[in-house]
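> Structure, please.
(one chain, ligands or ions: 1)
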Amino acid sequence: MIQCFINILLMGKHIVDYFVLYFLGLLGAWLLLDIVGLVAPRKIAGIPSIPGYPIVGNLFQLLENASKTYTGWSERYGDVYQVRMGAHRFLVINSFEEVKQFWIKNSCENNSRPVLYTFHKIVSKTQGFTIGSTPQGPRYKVMKKTVSTALNKRNVSILAPAIDDQSRAVIRFIVETMKQKQPVETDLMNCFQNFALKLSIYMAYGIVLDTENRDRELAQEIIKIENKIINLRSQTSNLEDYLIFLRYIPLIRLTEAAAKYRHRRDVYMDKFLFDLKQRILAGNQTDCLVSQILGNPVSGITESELKSICLTLVSAGLDNTPYTLNHCMGHLSQPVTGEKFQALAIKELENTYGNLKKAWEQAPYGVSCDYIVALLNETLRYFTVLPLSLPRATSKAIIYKNSVIPAGTYLIMNAYQANHDPNQFSDPTQFQPLRFLDGDNKLHFRESEGTLHFTFGAGSRGCSGKHLAFQEMYTLLVRVLIAFKVTPPQKSEELMLLDPFEMNQRKGAVSFEPRPFRYGIQIRDPELLQGLVNPELE
Ligand code: HEM
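Numbering: from 1, shown residues only. Here you go, the predicted structure:
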């Protein structure tokens, strides 16, 4: 018996020994191949390169708050340089002017996306890529056209009644949960997430989710899983994307979590599509994007492309829109300055619409108040929810100064740095909505004049959902401001810190994910609010 136990132990030890030997052998072979240049990505001539290590390159220097590290390197190596992350080389662009050069002037050449192992081969196996992660090609063009049309200004204006209903429901829910107790200290992040989710699901499948009651669990599952999957798009954390040999080591399966989330996503994505098809078969006409595509075979959209479109609509704004809006709430709750922003916002709403009742009613139907537009744009600029935007790949060569950037090069926009470029924005670290307004509090910038900031990206693959996201944020912000006075939390440690890097709790994630913070809310005018949230009782 004892001998048998010893034999098992010895066998276990041999297995561990073999495993270690296998690992060291693989690493040694890879190092050799790297040194002779067989697995190392080629350097781009004439562009400064950040010194790194064999095999990994700069990967381990970029695991936390990479945008900040890139900014630090730009001080020494200039606005445009190259880094190596294992098997891939990226060009990093840091200043406002250089981003304009690469993203807008070279829009046609810079119009594809990198294909990375974890996201493209593991997560996207069943529902396909989202549009934002699909490389350039004829099928991408068909999908992009469909989604861009659905999300253009005109079609977003058709969604106004839904934005009206859903944003009113959010405020009504908050008021109900406040009951008699006021002021309440809270964080409205989950309400903002439910709002964004409801609108996406409505637009895609024509379903109104009851995120507070009947569909609460489903909504929380979607929010959680989509957040996990978005994080798998991290430009640095998925080591198997860059260190190819890791994929060949048995027992190490860094992508296991990715496969698990994909299965959980399949459950709700397949159900939404199945239910909609059943409703159509039963003759219940539903006016939504998916039924328009299903009813129009000439669009040439295949089943798998339809799945990609659905995925895009469900996931694209689910983190970005609520995080940005919540960051704005964080500014409104700052001692001293927060009160001033709110006072000016209320005054400008009255000036624009005549009174607050009209401002509430008209907010879903356009973005007319320039001060609120400036407040939101300053939030988008200051926070830059995707500090490294989304990565790009060039489909044609770009001539940059004396260098040729070949087709197939991966590009990273350091959007946070470009949005804080002192040559473009005076006092870039100050939150100043008035920077976008003239002396009469009117916007001195029009969209046709170019790009205000790079939070929605830019050029041919810029964000297709920016009109929808902006209209959603505008409506909810106007309504929150009319409904509530926002105050700092009692405990100073619960106040939002202004620096997004300091607040960031997932330092390797693709978007800023601030740790929870709180603010006080108190009903501004109970009588007015009663009539606004329950107009049927008026
Ligand atoms: C505040 C909210 C949002 C922010 C900050 C944001 C930001 C971005 C960024 C930075 C990109 C990459 C752009 C580039 O490469 O230049 C992008 C792409 C995209 N976004 Fe958004 N987004 C938001 C909301 C939305 C919403 C609500 C939707 C649709 C429901 C959406 C749909 C898309 C699509 C389809 C793409 C891919 C474009 C392409 O690759 O052709 N976004 N977004």
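
> quick one: the helices in the stretch 1-150 of the chain?
2-35, 66-77, 96-99, 138-150 (DSSP state H, counting those that start in this stretch).

> Moving along the chain from the strand or helix carrying residue 361, name the first helix or strand you hit.
Secondary structure from DSSP states H and E places residue 361 in helix 356-362. Sequence-wise, the next helix or strand downstream of helix 356-362 (DSSP H and E) is helix 370-383.

> Could you tell me the least trusted of the helices of the stretch 1-150 of the chain?
Ranked by mean pLDDT, the helices of the stretch 1-150 of the chain end with helix 2-35 at the bottom, a mean of 67.

> Does the closest residue to the ligand within the stretch 251-400 of the chain lie in a helix or a strand, and which?
Closest to the ligand within the stretch 251-400 of the chain is residue 317: 2.4 Å, counting by C-beta to the nearest ligand atom. (Glycine included, C-beta is placed from N, CA and C.) Using DSSP H and E, residue 317 sits in no helix or strand.

> just checking, it touches residue 464?
No. With contact defined as C-beta atoms under 8 Å, residue 317 does not count as touching residue 464 (10.4 Å).

> which residue ranges form the strands in the stretch 151-300 of the chain?
Using DSSP state E, counting those that start in this stretch, the strands assigned to the stretch 151-300 of the chain run over residues 184-186.

> Report the spatially nearest residue to the residue nearest the centre of the chain, omitting neighbours in sequence.
For the chain, the residue nearest the mean C-alpha position is residue 320 (4.0 Å; C-alpha atoms, centre = their mean). Residue nearest to residue 320 in three dimensions, not counting chain neighbours: residue 385, with 4.9 Å by C-beta to C-beta, 6 or more residues apart in numbering.

> Does the one you found lie in a helix or a strand, and which?
Residue 385 belongs to no helix or strand when assigned by DSSP H and E.

> what sits against it?
319-320, 323-324, 327, 455, 511-512 (C-beta atoms under 8 Å, 6 or more residues apart in numbering).

> Pull the number of nearby residues for the spatially closest residue to residue 228 that is not a sequence neighbour.
Once flanking residues are discounted, residue 228 sits nearest to residue 261: 5.0 Å by C-beta to C-beta, 6+ apart. When neighbours are defined as other C-beta atoms under 10 Å, residue 261 has 20 of them.

> Residue 261 contacts residue 227, doesn't it?
No. If you go by C-beta under 8 Å, residue 261 and residue 227 don't touch, sitting 9.7 Å apart.

> rewinding a little: tell me the pLDDT at the residue nearest to residue 320?
Here the pLDDT value assigned to residue 385 is 97.

> Residue numbering should commence at 86 henceforth.
Taking 86 as the first residue, the last one we looked at is residue 470.

> quick one: residue 148 and residue 327 touch, right?
No. Counting by C-beta under 8 Å, residue 327 is not a contact partner of residue 148; they are 11.2 Å apart.

> Neighbour count: those two, which is higher?
Neighbour count, other C-beta under 10 Å: between residue 148 and residue 327, residue 327 has more, with 21 against 14.

> OK, contacts around that one?
141-142, 144, 170-173.
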